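got a predicted model here, sequence first, then my questions.
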Amino acid sequence: MVIHVVQPGETINSIAEIYGVSSISLIQDNGIINPNNLVIGQTIVIVYPEQTYIVEEGDSLLSIAEAHGVTIMQLLRNNPFLSDREFIYPGETIVISYNTSQGKISTNGYAYPFINTDVLRKTLPFLTYLTVFNYRIAANAEIIGVDDTEIIQIAKEYGVAPIMLLSTMTYQGSGSSAVALSILKNRELVDQLIDNILNILKTKGYYGVNITFQFLNTETRLIYEDFAIKVTSLLQKEGYQVFITLTPWTFIDINDYTFERVDYSVIGQAANAIMFLSYDWGRSFGPPAATPSVSRRKEFYDYAVTLIPPEKIFSGLSIIGYDWELPYEIGISKANSLHTDSAITLAVNYNAIIQFDDMSQAPFFTYAVDLAGNAIQHIVWFKDARSIDSLVNLVPEYGFKGVGIWNIMQLFSQMWLVINSEFEIEKLSPELFL
């Protein structure tokens, strides 16, 4: 795999010629939405498959898969354009395999139950687990959610284990520490909550549950530990996996970064897996910066692996970027979220040049909006192939189980190209969750 950074004067055709590949494959593989108007500093990923096959008359995906000893899911993963197609055509090239020398990786994508089904079907071949962000805990230990039957069924069709996510958070990201702690401090409500979780798991056909410990800190640690021990023991006895998502308490200002050193060892021992993930929402009130910064993430992981076996850890990967208006004012300024494709389009529209911060391993650019004769400055931080490559490579560096991706509501083709061309994505046996 090669990550090419677009230089002045380059076109998609000239880049393809440099690397001896077709421009069509670069556009398809990277999901490029503006191939005729590339941005200086934009990344293009070039991959060289280990094995390919040219379709012949009478071939089908099934016959090609059987002939090469691979699964149809692997073909869909290596050729995402096939997800939009009913047929394959003689003469076209199908990627059979990549040299996935980085080893195995588990991928866990977070999605709302109302995700666009086309996006879902294109993404599922890349997933080991699908965590459905749907269920919210109410004050009386009642669990509130909408119908998620379809998304669970589609996940199983693609051999992906559906996971029920449980938290006090709404779809907009607001949570309640008062609700969480009032339940965790009441033994009867804890028992009722676990019964309700078990009922949903059995009724809906989930493979397990992912519980977000949003308000875990040094003061609340013992309460969360007691709950973790009880809920994992009971659900695991029933044959369910229990994942716990932890959001580290971080303290960031313009010049400093620290995190609260919570002892995660008991919770890490109880759960089947731990997700370290900071959820990003529609707006951010923090200072303009990369989210997450690779250097800051490594500082935290150096601490976390002293408490939790690394093979239990999923590294959180938020793919949401933010657009800040400048100058930044603490407590006043806020940024709007945007996807990588939207960031690239914005850079095109304002003729911006994308720069890259080596410490955080994140791209950014600035632009100005004319408002009544005044130039209002903006800065955008987002994710590109370099960011993804750096963040995902924390998995083999630390010996982690995989990555947890927040969120997959929009297709990020370049991210999946990076992961899929370097790693063998783990798929569970369908019998485990059918």
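Looks like it came in fine. Numbering: from 1, shown residues only.

going forward, measure contacts between C-alpha atoms and count neighbours the same way
Noted.

where does the closest residue to residue 356 other than its chain neighbours land on pLDDT?
Using CA to CA, 6 or more residues apart in numbering and skipping residues adjacent in sequence, the residue nearest residue 356 is residue 363, 4.3 Å away. Looking at residue 363, its pLDDT is 97.

go on, residue 85?
Confidence score, pLDDT, at residue 85: 84.

same question for the one 3 residues further on.
The model reports residue 88 with a pLDDT of 93.

please apply the same query to residue 424.
So, for residue 424, pLDDT stands at 96.

repeat for residue 432
Residue 432 is assigned 65 on the pLDDT scale.

sketch out the low-pLDDT regions of this structure for me.
Scanning the chain for pLDDT under 70 picks out the ranges 251-257, 282, 292, 431-434.

following element in sequence after whichever helix or strand the residue nearest to residue 356 is part of, please.
Assigned by DSSP states H and E, residue 363 belongs to strand 362-371. Once the chain leaves strand 362-371, the next helix or strand it forms, by DSSP H and E, is strand 374-381.

so which elements touch that following strand?
In terms of contacts (3 or more CA pairs under 8 Å, 6 or more residues apart in numbering; DSSP states H and E), strand 374-381 is packed against strand 321-325, strand 362-371.

out of the ones you listed, nearest to residue 19?
strand 362-371 (23.2 Å; CA to CA).

list the contacts of that closest one.
290, 293, 347, 350, 352-357, 375-384, 386-387 (CA atoms under 8 Å, 6 or more residues apart in numbering).

also stretch 62-82?
Against stretch 62-82 from outside (CA under 8 Å, 6+ apart): 28-29, 61, 83, 88, 94-97, 122, 125-126, 158, 420.

got the buried residues for it?
For stretch 62-82, the neighbour count (16 or more other CA atoms under 10 Å) marks 64, 65, 72, 73, 74, 75, 76, 77, 78, 79, 80, 82 as buried.

relative to residue 416, which of those is nearest.
Out of the buried residues of stretch 62-82, the member with the shortest distance to residue 416 (by CA to CA) is residue 77, at 8.7 Å.

could you look up the SS state of that closest one?
Following DSSP: H, G, I helix; E, B strand; the rest coil, residue 77 is assigned to helix.

any idea how far it lies from residue 401?
20 Å (CA to CA, to the nearest Å).

just the element for residue 225, please.
Using DSSP H and E, the element containing residue 225 is helix 221-237.

run me through the strand neighbours of the strand holding residue 363, direction for each.
When pairs are called by DSSP bridges, strand 362-371 turns out to pair with strand 355-357 (antiparallel), strand 374-381 (antiparallel).

how near is residue 178 to residue 228?
18 Å.

the nearest residue to residue 426 once chain neighbours are set aside pairs with what?
Distance criterion CA to CA, 6+ apart; nearest residue to residue 426, sequence neighbours excluded, is residue 106 at 5.2 Å. Counting by DSSP bridges, residue 106 forms beta bridges with residue 402.

ok, now the one 4 residues further on?
For residue 110, the beta-bridge assignment (DSSP bridges) gives partners residue 131.
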